[in-house]
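K.L.:
Sequence first, predicted coordinates after that:
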2 protein chains.
Amino acid sequence: MKLQFAMDTLTTENALALAKAAAPHVDILELGTPLIKSEGLSAVTAIKNAHPDKIVFADLKTMDAGELEADIAFAAGADLVSVLGSAGDSTIVGAVKAAKKHGKGIVVDLIGVANKPARAQEVVALGVDFVEMHAGLDEQAEAGFTFSKLLRDGKESGVTFSVAGGINASTIASVQASGAAVAVAGGAIYGAPDVGAAAAELRSAIA
Amino acid sequence: MKLQFAMDTLTTENALALAKAAAPHVDILELGTPLIKSEGLSAVTAIKNAHPDKIVFADLKTMDAGELEADIAFAAGADLVSVLGSAGDSTIVGAVKAAKKHGKGIVVDLIGVANKPARAQEVVALGVDFVEMHAGLDEQAEAGFTFSKLLRDGKESGVTFSVAGGINASTIASVQASGAAVAVAGGAIYGAPDVGAAAAELRSAIA
């Protein structure tokens, strides 16, 4: 199972510092949506230039203009770009077209999708690399939230999936046990006093 | 009915040129999602600084972190910020909270939502200013697309709505007849040989 670090910050400078500290312990460096909206795609280029050996994930959460948005993100240095599962099929097909042109990949973020396993199967059939079983920051803050449903949805989907929803060192083993290909951690790393040590701890919890 | 110009371009420089040409004839200047992702929120600031008398709409299409994304866009100079109708209620509530703090407004973009009238009523009850009955660029390119369903959905919703889906000079009267508060035009203006003249023509078609 790969480890993805979701850098939920608002400046390229902070993202570069987070990436530098965590990079030795993670496989995928993710630029969060607010970071990209705040700084633009130059943030993607900066992270890729600093970490050419890492997979750089641009969390665009594209809802329209799939081919265009994916194309400019790949051109800026992204290896993976996200499209929303609630987007129309033509948007996802457009993004996949851009990914093929660049030799890169599309991830469909299933945040907000009610029947995640069914939509996961549909979008994988459209050519996306994998899906993200994702509960957003706002959903995680709701009373009674747990991400066990995400793990069940991932298993049920039968396709390659990542999980994102507040994963930490005490829960990452359950994510691996669910069969996830990628575990996405954000706050458990960037919110720790020692970012590098937190990333290393998550890495060591992966069997 | 107000006229909103959706500037679907990828550079702040182009957006400034488009805004300069169209501004005398439009009420709302919209920075499209790909423009914001490409250039960052500095594009919003540049447009607001150049056109302080216009309503500046940042088409963030927020799906998560509603309060944060709206807050940084308002701080950058936006007067209106969009959140997706497919986002969870807590995301919309967070964005509304940021709007109240800044004395600005939230628009919910109903792109991709199956039952637009029902969702429109729900989100207006959550405190958003109005909803956008929206067919995206990808949907507009699908065979057999017409936006008459958007007009029917707007009427049926019974709430304040805008319409976006390829409006041009020959269709804008039907949009006004539907009761829309705002008509959003993009390609009909920025794709014209004379951007100012195209905007003026749309304006003159509004009764």
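P.N.:
Yes, it's here.
K.L.:
who touches A:Gly85 in this structure?
P.N.:
Contact partners of A:Gly85, counting by CB atoms under 8 Å, 6 or more residues apart in numbering or on different chains, are A:Val108, A:Asp109, A:Leu110, A:Ile111, A:Gly112, A:Val113, A:Lys116, A:Arg119, A:Ala120, A:Val123, A:Val131. C-beta coordinates here come from the backbone N, C-alpha and C atoms, glycine included.
K.L.:
Next to chain B, which bits of chain A? Give me the list.
P.N.:
Residues of chain A lying near chain B by CB under 8 Å from any CB of the partner chain: A:8, A:10, A:33-34, A:36-43, A:60-61, A:63-66, A:68-69, A:72-73, A:84, A:86-88, A:90-91, A:94, A:111-112, A:136-139, A:141-142.
K.L.:
Try it again at 6 Å.
P.N.:
Listed as neighbours of chain B in chain A under the rule CB under 6 Å from any CB of the partner chain: A:34, A:36-41, A:61, A:63-66, A:68-69, A:72, A:86, A:88, A:90-91, A:112, A:136-139, A:142.
K.L.:
On the pLDDT front, check A:Phe147 for me.
P.N.:
pLDDT for A:Phe147: 88.
K.L.:
go on, A:Ala87?
P.N.:
98.
K.L.:
where exactly do the strands run in chain A?
P.N.:
For chain A, the strands defined by DSSP state E cover A:2-7, A:28-31, A:55-62, A:80-84, A:105-109, A:130-134, A:161-164, A:182-185.
K.L.:
partners of the fourth one, with directions?
P.N.:
Looking back up the chat, that one is strand A:80-84. strand A:55-62 (parallel), strand A:105-109 (parallel) (DSSP bridges).
K.L.:
and these as a markdown table, adding distance to B:Ala199, mean neighbour count and mean pLDDT?
P.N.:
What follows is those, written out as a markdown table (distance: least, CB to CB, whole Å; neighbours: other CB atoms under 10 Å in any protein chain shown; pLDDT from 0 to 100):
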| stretch | distance to B:Ala199 | mean neighbour count | mean pLDDT |
| --- | --- | --- | --- |
| strand A:55-62 | 28 | 28 | 98 |
| strand A:105-109 | 36 | 27 | 98 |
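K.L.:
Can you lay out these as TSV showing distance to B:Ile189?
P.N.:
Compiled in TSV, these are given as follows (distance: least, CB to CB, whole Å):
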stretch	distance to B:Ile189
strand A:55-62	24
strand A:105-109	31
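K.L.:
pLDDT-wise, which helix or strand of chain A ranks last?
P.N.:
When the helices and strands of chain A are scored by mean pLDDT, DSSP states H and E, helix A:137-140 comes last with a mean of 94.
K.L.:
For it, list the C-alpha coordinates in CSV.
P.N.:
Presented in CSV, the C-alpha positions along helix A:137-140 are these (Å, rounded to 0.1, in the frame of the first residue of the first chain):
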residue,chain,number,x,y,z
LEU,A,137,-12.8,17.7,5.9
ASP,A,138,-16.3,19.1,6.4
GLU,A,139,-17.8,15.6,6.6
GLN,A,140,-15.1,14.4,9.0
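K.L.:
mind listing what's buried in the top helix by length along chain A?
P.N.:
Ordering each helix of chain A by length in residues (DSSP state H) puts helix A:89-102 first. For helix A:89-102, the neighbour count (16 or more other CB atoms under 10 Å in any protein chain shown) marks A:Ser90, A:Thr91, A:Ile92, A:Val93, A:Gly94, A:Ala95, A:Val96, A:Ala98, A:Ala99 as buried.
K.L.:
same check, this time on stretch A:173-191
P.N.:
Buried residues in stretch A:173-191, counting neighbours by 16+ other CB under 10 Å, are found at A:Val175, A:Ser178, A:Ala180, A:Ala181, A:Val182, A:Ala183, A:Val184, A:Ala185, A:Gly186, A:Ala188, A:Ile189, A:Tyr190.
K.L.:
between these, which is nearest B:Ser148?
P.N.:
For the buried residues of stretch A:173-191, the minimum distance to B:Ser148 (CB to CB) is 41.5 Å, reached by A:Val184.
K.L.:
mind checking how far that closest one is from chain B?
P.N.:
13 Å (CB to the nearest CB, to the nearest Å).
K.L.:
Report the beta-bridge partner residues of that residue.
P.N.:
A:Val184 has the following beta-bridge partners by DSSP bridges: A:Gln4, A:Ala164.
K.L.:
That one against A:Ala164, yeah?
P.N.:
Yes. The pair A:Val184 / A:Ala164 is scored as a contact, 3.6 Å apart, by CB atoms under 6 Å.
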